[in-house]
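> fold the following.
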Amino acid sequence: MIKTVSQTAGCDGCPMQRFKENFISPQLPNPARDLNRLVIAEAPGEEESRVGQPLVGDAGREFNSLLEKARIPRDGLTIINCINCRPRKNAFPTDSKARKYISKEAAQIAVDHCLKHHVDPIIRKRHWDRVDLLGVKSVRLVAKIKQGRMSELRGRSIDIKRAGLPSVKGMPIYHPSYLMRWGKSKKRVTVNDLKADA
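From the prediction side, this is the model:
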């Protein structure tokens, strides 16, 4: 059953709760095929919100194609977003375009809230063999890397700190939406990044 953010305990106090969007739960792996590999995307879109699963819209289909080329079974992955409800007009809360629906201050509170209550617990849940960070927002928010373009960051293993726990290895990956719109020539390197050791 799909819950709205107003029905999800971890969303209490989040400024995004007032929009009454659906909460997108993480995709958990098939236990028999679990790769101990976490994928963190940016935000759900319309189809993700309707279905209640991450990465199932156009970007998800593009991601599935990349996984197939890299010979990585999707059902072996754990998948989550940096924010777990669909932002208005698909404008990530901290983007300037989002000022039409949320203040800069409330946007930062919302993103921090989602990271604290939904993303960080998944990152801390186990010692992941690898964390794929899809898109620059995932790199900035999860790995806390504030500088550098995605073209400079992609394919380089980075440490993701976990307070009180050993860090885990992360790999910045071009977001499938970017590849669909502007980065068709970068699909091959993205497949290689998915296959590379973190």
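> all contacts plus neighbour counts: C-alpha atoms, from now on.
OK.
> what residues are up against the closest residue to residue 34 other than its chain neighbours?
Using Cα to Cα, 6 or more residues apart in numbering and skipping residues adjacent in sequence, the residue nearest residue 34 is residue 76, 4.3 Å away. Each residue near residue 76 by Cα atoms under 8 Å, 6 or more residues apart in numbering is listed here: 29-31, 33-37.
> scan the protein for its longest strand.
strand 165-173 (DSSP state E).
> right, and the helix or strand after that strand?
Proceeding N to C from strand 165-173, the next assigned helix or strand is helix 176-181, under DSSP states H and E.
> now that next one: buried residues?
176-177, 179-180 (16 or more other Cα atoms under 10 Å).
> center of the protein, which residue is that?
By Cα atoms, centre = their mean, the chain has its centre lying nearest to residue 41, at 1.9 Å.
> in the sheet, who's paired with that residue?
residue 81 (DSSP bridges).
> adjacent strands (with direction) for the longest strand of the chain?
strand 130-134 (parallel), strand 158-162 (antiparallel).
> which residues of the chain fall in helices?
Assigned by DSSP state H, the chain shows helices spanning 46-51, 58-70, 104-114, 120-125, 136-142, 150-153, 176-181, 187-195.
> okay, these, which one's buried deepest?
helix 136-142 (a mean of 21; mean count of other Cα atoms under 10 Å).
> any chance you could list what contacts it?
The contact list for helix 136-142 (Cα under 8 Å, 6+ apart) reads 40-42, 82, 115, 133, 145-146, 149-150, 160, 172, 174-175.
> just the buried residues from those residues, in PyMOL please.
Command for PyMOL that selects the buried part of these, burial taken from 16+ other Cα under 10 Å:
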select buried, resi 40+41+42+82+115+133+150+160+172+174+175
